[in-house]
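Chemist: Sharing a model prediction with you, sequence too.
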Amino acid sequence: MLYGGPRTTTLSVELVPLTLGGSDLEHSLGARRIEQDAAAQSIFHNFIILQVFPLSAQTPVPPAPHFYPPSLFAVDLNSPVNSTTPIDLHWAGHPRSIAAALLLSQDHAALVDPGPASTIATLRQQLQQHGLNVSDLTAIFLTHIHLDHSAVTGALVRENPRLKVYVHARGLPHMIDPSKLLQSASRLYGEDMHPLFGEFLPVPAENLHALEGGEILQLGSRLLHVLYTPGHASHHVTYFDPAASIAFVGDTTGICINGHAFILPATPPPDISIELWDASLDAIADLHPNRLFLTHFSFADQPAQHIANYRQRLHRWRDISAAMLAQNLDEPVAIHRFAQEIGAEAAQFLSPEEISHYLFNGALNLSWLGLARYHRKRLEAQPVVPHLGKIAES
């Protein structure tokens, strides 16, 4: 095998302070109450069950929407020895939904966000097409621990005990013991959780390496700079390869299929923060990358425009959800109206089939729940001003 045989990994750490306010965040990822017992309602993620788009809800998601340029799947050769390749995991049988990034450098191979355990067979097949097995991997770099990004990690480590797994310190305990994370996720996904994500096996503590942001990781001859980029999740990081000028952004810059003009935010519970998200977008933009790599899905080749467009849409979602919450609607009604509003906007850019494909990757009901929780937490955090009545005359 090209990358067979024993090998070692080098990790050099240079602490660079980042001022995103993360140290003051409340960061428990334990079991949290989901707004209004949403899991008890028949509105949680069952792909496009909202039926906001009748054609989309009744038509299977097409295997490959025609508008996505196939050239964007080409291997990105940064040098004769370094490359970055999207690995299409065909999540739940749907292509162009989750992309793991295969990084090669000298005799080292690594994955950024290897995906859910439900796609492990596809991952093995894709690695074999590149002359690799799981045993040939050196490292896994997690942007965050949401199940669609990380659930397969424990299975990969069990198959290859030499694997080093890099994850933010706030997510690390839940890789060792995922019980609270899974309990919380099961409230959202119910019986769909196992088919979508598979079995989340724990990762031994000795395989895990905690990140805070500011580290520089070495994989062969390439360096990855770590940025702490909360907003989508309080434990989210971005990896930046300055030589290739690629930022591996996870979900920080949304869902965008191969650089299409339309970008869908993903704002699930429990701990989104628009303010921190804005700071994270600033931090990524300040890198001036040539390309972004999104887990959903693959490369975006106009980073500055992408980030600006994404920020605008994220703020629009914030404002729409705030206005709807002010109306005190029942949760199912609010979710339906929110989905209608977002669907009308998406229809300006996408066909019904393309809308279905986007919504398969980012369920709007979950995004509503995340935004609703964000607004309610902000209201709860506001100081209560006591009512000052008139002083009775003596």
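Modeler: Looks like it came in fine.
Chemist: hmm, who's touching stretch 114-122?
Modeler: Stretch 114-122 is contacted from outside by 88-92, 98, 100, 123, 140, 147-156, 194-201, using CB atoms under 8 Å, 6 or more residues apart in numbering. Every residue, glycine included, has its C-beta placed from N, CA and C.
Chemist: Show me how to select, in PyMOL, the buried members of these.
Modeler: Restricted to buried positions by 16 or more other CB atoms under 10 Å, the PyMOL selection for the contacts of stretch 114-122 reads:
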select buried, resi 88+89+90+91+92+98+100+123+140+147+148+149+150+151+152+153+154+155+156+196+197+198+200+201
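Chemist: Could you pick out which of the contacts of stretch 114-122 are located in helices?
Modeler: 123, 147-150, 153-156, 194-197 (DSSP state H).
Chemist: Now stretch 326-336: buried residues?
Modeler: Buried residues in stretch 326-336, counted by 16+ other CB under 10 Å: 331, 334-336.
Chemist: any idea how far residue 226 is from the residue nearest the centre of the chain?
Modeler: By CA atoms, centre = their mean, the mean C-alpha position of the chain lies nearest to residue 251, the distance being 3.3 Å. According to CB to CB, to the nearest Å, residue 251 and residue 226 sit 16 Å apart.
Chemist: what's the next secondary structure element after the top helix by length along the chain?
Modeler: Across the chain, the longest stretch assigned as helix under DSSP H is helix 303-325. The helix or strand immediately downstream of helix 303-325 is helix 331-346, counting by DSSP states H and E.
Chemist: Beyond that following helix, next helix or strand please.
Modeler: Next element after helix 331-346 (DSSP H and E): helix 352-361.
Chemist: what packs against that following helix?
Modeler: With contacts defined as 3 or more CB pairs under 8 Å, 6 or more residues apart in numbering; DSSP states H and E, helix 352-361 has these neighbours: helix 54-58, helix 331-346.
Chemist: Now tell me what touches the helix or strand containing residue 226 from outside.
Modeler: Using DSSP H and E, residue 226 sits in strand 222-228. Contacts to strand 222-228, defined as CB under 8 Å, 6+ apart, come from residues 18, 20, 22, 78, 82, 103, 105, 141, 166, 168, 211-218, 236-244, 248, 280, 283-284, 287.
Chemist: which of the residues in stretch 233-252 are buried?
Modeler: By 16+ other CB under 10 Å, the buried positions in stretch 233-252 come out as 233-241, 244, 246-252.
Chemist: Ok, stretch 156-169 next?
Modeler: 156-157, 160, 163-169.
Chemist: And those, which two are furthest apart?
Modeler: Greatest spatial distance in these: 160 and 169, 23.3 Å, computed using CB to CB.
Chemist: residues in contact with the spatially closest residue to residue 124 that is not a sequence neighbour?
Modeler: Nearest residue to residue 124 in three dimensions, chain neighbours excluded: residue 134, at 6.5 Å (CB to CB, 6 or more residues apart in numbering). The neighbours of residue 134, taking CB under 8 Å, 6+ apart as the test, are 123-124, 127, 156, 159-160.
Chemist: of those, closest to residue 308?
Modeler: When those are compared against residue 308 (criterion: CB to CB), the nearest one is residue 123, at 33.4 Å.
Chemist: what sits against the closest one?
Modeler: Residue 123 neighbours (CB under 8 Å, 6+ apart): 87, 89, 100, 114-115, 134, 152.
Chemist: Out of these, which comes closest to residue 268?
Modeler: Closest to residue 268, out of all of the contacts of residue 123 and judged by CB to CB, is residue 115, at 16.7 Å.
Chemist: From residue 88, how far out is that closest one?
Modeler: 10 Å.
Chemist: Show me the common contact partners of the two, please.
Modeler: residue 98.
Chemist: circling back: pick out whichever of the buried residues of stretch 326-336 sits closest to residue 322.
Modeler: Comparing these against residue 322 with CB to CB places residue 334 closest, at 11.5 Å.
Chemist: my read: the closest one touches residue 326, true?
Modeler: No. Counting by CB atoms under 8 Å, residue 334 does not reach residue 326; the two are 10.6 Å apart.
Chemist: what pLDDT does residue 305 get?
Modeler: Per-residue pLDDT puts residue 305 at 97.
Chemist: Same question for the one 3 residues further on.
Modeler: The confidence metric pLDDT takes the value 97 at residue 308.
Chemist: cool, residue 362 as well?
Modeler: Note for residue 362: predicted pLDDT of 87.
Chemist: Neighbours of it, how many?
Modeler: 19 (other CB atoms under 10 Å).
Chemist: Wait, it touches residue 297, no?
Modeler: No. If you go by CB under 8 Å, residue 362 and residue 297 don't touch, sitting 10.9 Å apart.
Chemist: before we move on, the earlier item: assign the residue nearest to the residue nearest to the centre of the chain when sequence neighbours are not counted to helix, strand or coil.
Modeler: Of all residues not flanking residue 251 in the chain, residue 232 sits nearest, at 4.5 Å (CB to CB, 6+ apart). Three-state assignment for residue 232 (DSSP: H, G, I helix; E, B strand; the rest coil): coil.
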